[in-house]
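Q: Mind looking at a prediction? Sequence and model below.
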Amino acid sequence: MTNVIDLSAMRAKTSVPSDLPTGPGPQVIELTPREMRRQLRQQSEPATETCRNQRARLKRRDAWWRAERTTSYWRARCDWSSALGLAQDNGIGDADSFARAKNGERLELVERWRAALVEQMLTAAPHLAAVAWKRAKLASESWEYCDVKPERLQRAIDADVEWLAAHPSRKSANSLADK
């Protein structure tokens, strides 16, 4: 008799969701016990208001992260295009091993970065730090050359502040004392 427990038998095998690309034939993925618990928690109805607020904030956080990464990507592409063009013009390093940087490409990249920036500013903020970032960007007028009015951006910020106030991450001591 051994004292070894076989945990692999406890892992659940599920089919791949239909929205994921699949190869020929059915594919099976294994979920770890931790992933199974996470899925169960997400599927069950939250018991407390704090938990409901947490889940709502997590959805907003995921959308915010995606918008933030998109903005960062296009900004990095702009910076890369500029750096590559300068390096190629001055014969620096291995710059000539890359395709030649085009002058018109930079303007297109800047437009995409600005569009991503405005999209991020219109994305629901998951926390007050994101609201502060939005306010700083609104004041800096980075969005100025996009087809958006400052009133629309300010309305988005105001809606974020209102939503965050209505969905606190913790119950305050005052609300607990009232009960």
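A: Sure thing, it's come through. Numbering: from 1, shown residues only.

Q: Please, which helix or strand holds the spatially most central residue of the chain?
A: In the chain, the centroid-proximal residue (C-alpha atoms, centre = their mean) is Trp65; its distance is 1.6 Å. Secondary structure assignment for Trp65, by DSSP states H and E: helix 49-90.

Q: now Ala132
A: Per DSSP H and E: Ala132 is located in helix 128-140.

Q: ditto for Arg34
A: Arg34 belongs to helix 33-43 when elements are defined using DSSP H and E.

Q: mind checking how far the helix or strand where Asp158 lies is from the chain centre?
A: For Asp158, the host element (DSSP H and E) is helix 150-166. The chain centroid and the centroid of helix 150-166 are separated by 18 Å, computed with C-alpha atoms, centre = their mean, to the nearest Å.

Q: buried set for that helix?
A: The neighbour-count check on helix 150-166 (16 or more other C-beta atoms under 10 Å) flags 153, 156-157, 160, 163-164 as buried. Yep, even glycine has a C-beta here, placed from its N, CA and C like the rest.

Q: Check the spacing between Glu108 and Gly85 real quick.
A: Distance of Glu108 to Gly85, computed by C-beta to C-beta, to the nearest Å: 14 Å.

Q: that older thread, now what about the helix holding Asp158, what contacts it?
A: If you take C-beta atoms under 8 Å, 6 or more residues apart in numbering as the criterion, helix 150-166 is touched by 118, 121-122, 124-125, 127-128, 130-131, 134-135, 138, 143.
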